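**Student:** quick one, structure for this:
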Amino acid sequence: MKKHTQSLKNLSSKNLALKVSNGLLALVLSVGVSGVFSSAWSASSRKSSASNSYKSLQSNQSRFTKNFASGSIVSGSRANASNSERRWYIFNEGAVGGSYTMLGKANYWAVDLGYNVYIRTIESAVGGINFLAGAGVNFPIYLKAGGKSNILSDHRGFQTKDYDGIVGWGSEIPVMLGIEKSGFYLTGLVGYGWLFMTDIYPTTNQSGNGAFPRVETSYDGIIYGAGIGYKVSNVINIGFRYLHGDMTNRKDETKPDTAAGSNNINGSNIITQTRGRDIYDIAYDKFQLFLAFIF
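**Tutor:** Okay, the predicted model is just below:
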């Protein structure tokens, strides 16, 4: 009887220990599973939040780019390595146009060829205004001259017909900063310009025969102004620019040809030669219309 009672006590103790052990195991498993689910839920929430933010930014991009031709967007900047939207785009433009330039006492008609590159923000500022900034290079090819000479002391008029070739070319490098809204834009411009001109004059001999005298000369100076325009579906840019400056005529770049000497054009009436220095502060005003294709 005592042995039977002792066996029951031992069995009861083992059952109690087993229950305690099972309870502790269940508690550990519960805590571990809870931690795993909590971490998974937290990661899922973060991923969902990032995904929603990215989708929102993609939607803004889609609204901006829906009218773009293929290849219009060249590059962009990403704030982070992943799940971040471009804040601006780089645009390239090839331009062709025409211009009228007043340079001191002379005036010129030209065909202009140019290239512009600029960045435009996607996120609008107050009132839906976007910012843009960039630079360009423009090459005017002067086809016709009028008015009078800037470099001869008698300021004689130019030969305006019956000659071959162009009367000069130039290079302008303006930096631009501006705003844009609904395709319309306004920019401020500042840069530097170089003009390489061929002044052609009438002959002064009695017969009027022989080659027209020519004088090669150059001008350069700081230019500044403004531009306005409209971009059609972000593919075509129609614009107008006005540039102003004060040019310097370079003494060392003023060179008469062989026909000039027989037409009373020499060191005695070329202003830079008689003064022995450059001519400063020659007024420069340019009015330009252009058509640019964005690519």
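**Student:** isn't residue 244 right up against residue 226?
**Tutor:** No - contact criterion CB atoms under 8 Å: residue 244 and residue 226 do not qualify, at 9.6 Å. For glycine as for every other residue, the C-beta is placed from the backbone atoms N, C-alpha and C.
**Student:** where does the chain dip in pLDDT?
**Tutor:** Per-residue confidence for the chain (pLDDT under 70) gives these ranges: 1-86, 123-125, 206-209.
**Student:** and residue 200, what does it touch?
**Tutor:** The contact partners of residue 200, by CB atoms under 8 Å, 6 or more residues apart in numbering, come to 145, 158-159, 163, 167, 212-214.
**Student:** ok, 6 Å please
**Tutor:** The contact partners of residue 200, taken as CB atoms under 6 Å, 6 or more residues apart in numbering, are 159, 163, 212, 214.
**Student:** can you pick the most crowded of those residues?
**Tutor:** For these, neighbours were counted by other CB atoms under 10 Å; the highest total belongs to residue 214, with 22 neighbours.
**Student:** could you give the bridge partners of that one?
**Tutor:** In this structure, residue 214 has beta-bridge partners residue 200, where bridges are defined by DSSP bridges.
**Student:** what's the separation between it and residue 95?
**Tutor:** 30 Å (CB to CB, to the nearest Å).
**Student:** then residue 283?
**Tutor:** Distance from residue 283 to residue 95, by CB to CB: 25 Å.
**Student:** touching the helix or strand harbouring residue 146 from outside, list them.
**Tutor:** Secondary structure assignment for residue 146, by DSSP states H and E: strand 130-147. For strand 130-147, the external contacting residues (CB under 6 Å, 6+ apart) are 99, 105-121, 124, 158, 166-178, 180.
**Student:** what's the ChimeraX line that selects buried ones from those residues?
**Tutor:** Typed into ChimeraX, the next command selects the buried ones out of these (criterion: 16 or more other CB atoms under 10 Å):
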select :99,106,107,108,110,112,114,116,118,119,120,121,158,167,168,169,170,172,174,175,176,178,180
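**Student:** ok, now which ones touch residue 284?
**Tutor:** The contact partners of residue 284, taken as CB under 6 Å, 6+ apart, are 103, 245, 247.
**Student:** repeat that for 7 Å
**Tutor:** Residue 284 is in contact with 103, 221, 223, 244-247, counting by CB atoms under 7 Å, 6 or more residues apart in numbering.
**Student:** of the residues you listed, just the buried ones, ChimeraX syntax please.
**Tutor:** Selecting the buried subset of the contacts of residue 284 in ChimeraX, with 16+ other CB under 10 Å as the burial test, is done by:
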select :103,221,223,245,247
